[in-house]
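Take a look and give me a structure for this.
(chains A and B)
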Amino acid sequence: MRFVVPFLAFVLVLSGCGKGGFSKGAAGRQDHFFAYPMPNYPTELDPATVEDGDTIDLLEQIYEGLVQWTESSELMPNLAEEWEISEDRLTYTFHIKRGVKFHSGREMTAHDVKFSWDRAANPGLASPTVDGYMADLVGFREVREKVATEMSGVRVLDDYTLEVRLKEPKVYWPLYLRYPCYYVVDRDVVPADREIRRVEEVGATGPFMLTELEPKYATLTRFEDYHLGPAKLAEIRRPFVEDAQTRFAMYESGEMDWLQLERQDLRAVEADPELKKDLLRVPRPAIWYLGFDLVEYPPFAKKKVRQAFAMAVDKEAIINELFQGANELAGGIIPPGVPGYRPDFKGLPYDPPRARQLLAEAGYPGGKGMPPLELYYRVDRDDPRLVSERVQLNLKENLGVEVGLRPLEWDYLLDLRNKGKLPFFHLRWHADYLDPQNFLSFMLHTNARENMLDYSNPEFDRLCDEADREFDQARRIELYHQAEEIAVLEDAIWVPIYFQYDLELLRSEVTGLRRSGLGPLPHWTTDVTWAKN
Amino acid sequence: MVLLKRVLRSPVGAQVLRRLAWTVPTLVFITLITFIAGDLAPGDPAVRKAGMHGGQEAVELIREKMGLNRPLHVRYAEFVWNAAHFEFGESLVTPRAVNEIVLTGIQHTGRIALLAILLASGVGILLGGIAAIWRNRVADRLAVSFSTLGICIPNFVLAPVLVYIFAIWLDRLPVAWRDDPERGPWIYLILPVAIMALRPAAVITRLTRASMIDTLSQDFIRTAYAKGVPFWRTIIVHALRNSLVPIMTAVGTSLGFLLTGSFIIETAFLIPGLGSASIDAIRKADYPVIQATVLIFAVLFIAVNLLVDLLLPLIDPRIKEGAA
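A predicted model of the protein is given here:
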């Protein structure tokens, strides 16, 4: 009895807390409040320096640029109402929308756009993204090398007109404007020569304002003077939750409205009829592939070795057995959502006898005479490990080649990759903008910054160069297709494995969530309404 | 000078000074080890920050901005100088000052540790006392079982089980910590504090039981009964007070462990304490945060132990005489 009394008291105290506050269902939740977790504290508050996708998703509610994606993944005007392209394709004249207000209430002008871009290029901010995205602007190099403080190629003609000059014509350059380093910041609010580090230093024009940034969550509040009209949501709450299990529990308990699901939780979701209704499968413009370095591992310089490896990997089994069909088999390089994606392009076939023959022709019958080889991948995710283990098994069984596994911490792996020190690796490439150039010329052209493989094929380069300059979209895609076929079928420089699909849970109370092929668009039309009961 | 002499002449004062003097080399040693280990470990915050888009050029610019391109001894000297002024610089990974992370961390970790040690002491002394008084009876067996379970069940098992029961199945408690102006912090603290308190409660139960059994068998207890002191007065004033030294030692060390061992619970319940901050920093090679949290953990642990050593003579004057 002595123990029963305090226990009962404890239970009574708990009952007093009231069911519902944390519960499934609507009782405790207000309309127009949207909550979804972020796996980390934001890495940046500054669009000029942000690099990781999770933080970009947060900042895109706050900051925006001259252009926006439509739901059908086309470019549409945003802060720029329209633009003209000169005859030689080198000069763009942007007409800035009038009456756009910063969160401070001040009107945004072309001066702010120029200030924002010059600021992003400033080496003092050490932005990791501008070397890729802004290098086409006249005057960028000079700012980067501290010879100039502003880009001569970006000129303000009047308050609402901005002239931009490029070094060479590039069809896809306007797509870059949707990347955060081109977003417009409030020059009265943000620090000019270092990155934004405090909530008070955030100044932008987007549909939401950053009002709270606490150790474990951020709160975004609707900006009433947004230039397209106020958003439907009053508030967005983003708790920072590292642990996937906790994120899932928060969705189950009704605290969260939207969730990126880990594949290991899929079974639990499918077993629960309530949760299963919320399940979505969303394609990502991303490809997971095997890459070969022709210098780091000399046998890979032989085309037949690469082809043999490509034909020895059983992708079908990887998709069906490891992923239960959740991802899509990749034949080529261009993923779904990117123009030029071909669902019917199958790539090199899985053909172990032919693979063995190719390897023997290359001088390594049964894998004999090959120096030791290791497959590199990142240590902190399940999927790359599962695939790498299966590739190891396939190569041993089908070719007699022994491959060691080399899981590495992400930053260590990145460092080796940037230095071109990965002989054989399994990595992902995710679209920065929806254009095949971002997957072909950008990755595999002889002069591409991202080509750390020492891969060089003049025919591939010629096709890419021509496509990069071609303004007829159909003809362009055709040229990229030819280049893709060279890279995959003939040279087998990459072995495409799969196109990534994400699993999500989205509550039925959430409406109006828009996406482009690149991912969710700002939550301007998103809303949450709970049925009154 | 006069004051110093007086302090040095008093045995307790001398002891405190000696202990304080020892903390300096201890802290230097600890921070130096973390500094060197951090430098040797693979992982580079500049490369991480540059991500997939940044090439070597960008990495070099970022290293320069972070100050990572300077030699180790320069960075260490700067760290020691700044730490002496409680200034730990900026995080390398997130847009935050380290002081901000650490101060919030101390508040949360301190609150949970203090609540947990209060709960654990209350439960532990009560159960241990009951077990000692009714030795070998049902109450004793229950208390001993509780204590064995409490020592055996790890936090990382208990946390998801209790979250499942109370937050998801019964739906009475929140899954994770939240700043909630309407409900206040208490409801969010119930689960983490209870889980943190379990192990120290179990330890204190054991020690109280053993210590009380020992005291209850002493002659002066029999004398107290014999001269007619009421039962509860005998137990509380005579038996408990004389059993308190080992219990207080256990409470002190437990508090030390609670303050410095909240990694799992803080991570599981999203509490922005020192534990979750340091785990996060270690995962991302955020050196300034790692340095600051390690230093603070060391200081806390040393301080709590010192405090216990100072309190014991107050409870039991015989200890002071022994020291003198």
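
all strands for the stretch 201-350 of chain A, in order.
Per DSSP state E, counting those that start in this stretch, the stretch 201-350 of chain A carries strands over the ranges A:208-214, A:217-222, A:235-239, A:258-261, A:279-292, A:328-329.

Please render those strands as TSV that adds distance to chain B, mean pLDDT and mean neighbour count to the earlier fields.
All C-beta atoms are positioned from the backbone trio N, CA, C, and that covers glycine. Formatted as TSV, the strands of the stretch 201-350 of chain A follow (distance: least, CB to the nearest CB, whole Å; pLDDT from 0 to 100; neighbours: other CB atoms under 10 Å in any protein chain shown):
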stretch	distance to chain B	mean pLDDT	mean neighbour count
strand A:208-214	6	95	20
strand A:217-222	7	96	20
strand A:235-239	7	95	21
strand A:258-261	13	94	21
strand A:279-292	11	95	20
strand A:328-329	22	96	18
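
ok, the residue in the stretch 351-500 of chain A positioned nearest to chain B - how many residues close by?
Going by CB to the nearest CB, chain B is nearest to residue A:411 of the stretch 351-500 of chain A, at 3.9 Å. Look at residue A:411: counted by other CB atoms under 10 Å in any protein chain shown, it has 21 neighbours.

State whether it is indeed within a strand.
No. Counting by DSSP: H, G, I helix; E, B strand; the rest coil, residue A:411 is located in no strand; its state is helix.

Leaving out the residues flanking it, which one is nearest to it?
Computed as CB to CB, 6 or more residues apart in numbering or on different chains, the closest residue to residue A:411 that is not its neighbour in sequence is residue B:48, at 3.9 Å.

give the contact list for the one you found.
When the contact criterion is CB atoms under 8 Å, 6 or more residues apart in numbering or on different chains, the partners of residue B:48 are A:410, A:411, A:414, B:93, B:284, B:285.

now do residue A:340
Residue A:340 neighbours (CB under 8 Å, 6+ apart): A:334, A:436, A:477, A:480, A:481, A:484.

Could you tell me how far it is located from residue A:482?
Using CB to CB, to the nearest Å, one gets 11 Å for the distance from residue A:340 to residue A:482.

Low-confidence ranges, the stretch 351-500 of chain A, go.
Along the stretch 351-500 of chain A, no part satisfies pLDDT under 70.

ranges for the strands of the stretch 51-200 of chain A?
A:67-69, A:75-77, A:80-85, A:91-96, A:154-158, A:161-165.

Kindly report the same for the stretch 201-324 of chain B.
For the stretch 201-324 of chain B, applying DSSP E, counting those that start in this stretch gives no strands.

can you list the residues of it near chain A?
Residues of the stretch 201-324 of chain B lying close to chain A by CB under 8 Å from any CB of the partner chain are B:267, B:268, B:269, B:270, B:271, B:272, B:276, B:277, B:280, B:285.

So of these, which two are at opposite extremes in space?
Longest distance between any two of those is 24.7 Å, between B:269 and B:285; criterion CB to CB.

quick one: which of those two has more around it?
Neighbour totals were compared for residue B:269 and residue B:285, and residue B:269 leads with 27 against 22 (other CB under 10 Å).

And the pLDDT for residue B:159?
Note for residue B:159: predicted pLDDT of 88.

Looks like it contacts residue B:263 (just checking).
No. Taking contacts as CB atoms under 8 Å, residue B:159 lies outside contact range of residue B:263: 11.8 Å.

Of the two, which one has the most company?
residue B:159 (21 against 18).

contacting residues around the closest residue in space to that one that isn't next to it in sequence?
Take residue B:159 and drop its neighbours on the chain: the residue closest to it by CB to CB, 6+ apart is residue B:268, 4.6 Å away. Contacts here follow CB under 8 Å, 6+ apart; on that basis residue B:268 touches A:243, A:246, B:156, B:159, B:160, B:163, B:176.

Neighbour-wise, which one of those leads?
Ranked by the number of neighbours (other CB under 10 Å), those place residue B:176 first, at 25 neighbours.

I'd say that residue and residue A:253 touch.
No. Between residue B:176 and residue A:253 there is no contact, the gap being 9.1 Å when judged by CB under 8 Å.

three-state assignment of residue A:405?
Going by three-state DSSP: residue A:405 is strand.

Counting neighbours, what do you get for it?
Residues near residue A:405, counting by other CB under 10 Å, number 14.

Return the distance of the nearest residue to residue A:516 once chain neighbours are set aside relative to residue A:514.
Once flanking residues are discounted, residue A:516 sits nearest to residue A:69: 3.6 Å by CB to CB, 6+ apart. Relative to residue A:514, residue A:69 is positioned 9 Å away (CB to CB).

Who has more neighbours out of those two?
For residue A:69 and residue A:514, the more surrounded residue by other CB under 10 Å is residue A:69, and the numbers stand at 21 against 14.

residue in chain B nearest to chain A?
residue B:54 (2.9 Å).

burial of the nearest residue to that residue once chain neighbours are set aside, as a residue count?
The shortest distance from residue B:54 to any residue other than its chain neighbours is 2.9 Å, reached at residue A:128 (CB to CB, 6+ apart). When neighbours are defined as other CB under 10 Å, residue A:128 has 25 of them.

was I right about residue A:128 contacting residue B:49?
Yes. Shown here, residue A:128 and residue B:49 form a contact pair, counting by CB under 8 Å, at 6.5 Å.

on that earlier part again, residues contacting the residue nearest to residue B:54?
Each residue near residue A:128 by CB under 8 Å, 6+ apart is listed here: A:49, A:51, B:49, B:50, B:51, B:53, B:54, B:58, B:59, B:62.

Over to it: give its phi and psi.
Per-residue torsions, residue A:128: phi -80, psi -10 (degrees, to the nearest 10).

Tell me the spacing between it and residue A:291.
Residue A:128 sits at a distance of 21 Å from residue A:291 (criterion: CB to CB).

how about low-confidence regions in the stretch 1-150 of chain B?
For the stretch 1-150 of chain B, the ranges with pLDDT under 70 are B:1, B:7.

who in it is up against chain A?
Counting by CB under 8 Å from any CB, the stretch 1-150 of chain B sits next to chain A at B:42-45, B:47-59, B:61-62, B:64-65, B:90, B:93-96, B:101, B:104, B:130, B:139, B:142.

Among the residues you listed, which are located in helices?
B:45, B:47-50, B:56-59, B:61-62, B:64-65, B:101, B:104, B:130, B:139, B:142 (DSSP state H).

Any of those residues buried? List them.
Buried members of those, counted by 16 or more other CB atoms under 10 Å in any protein chain shown: B:45, B:47-50, B:58-59, B:61-62, B:65, B:101, B:104, B:130, B:139.

Which residues of the stretch 151-300 of chain A lie near chain B?
A:195-198, A:214-217, A:239-243, A:245-246, A:249-250, A:252-253, A:255.

Report how many residues lie close to residue 136.
Defaulting to chain A. Residue A:136: 18 neighbours (other CB under 10 Å).

ah, no, chain B please
Neighbour tally, residue B:136, other CB under 10 Å: 9.

Good, wrapping up.
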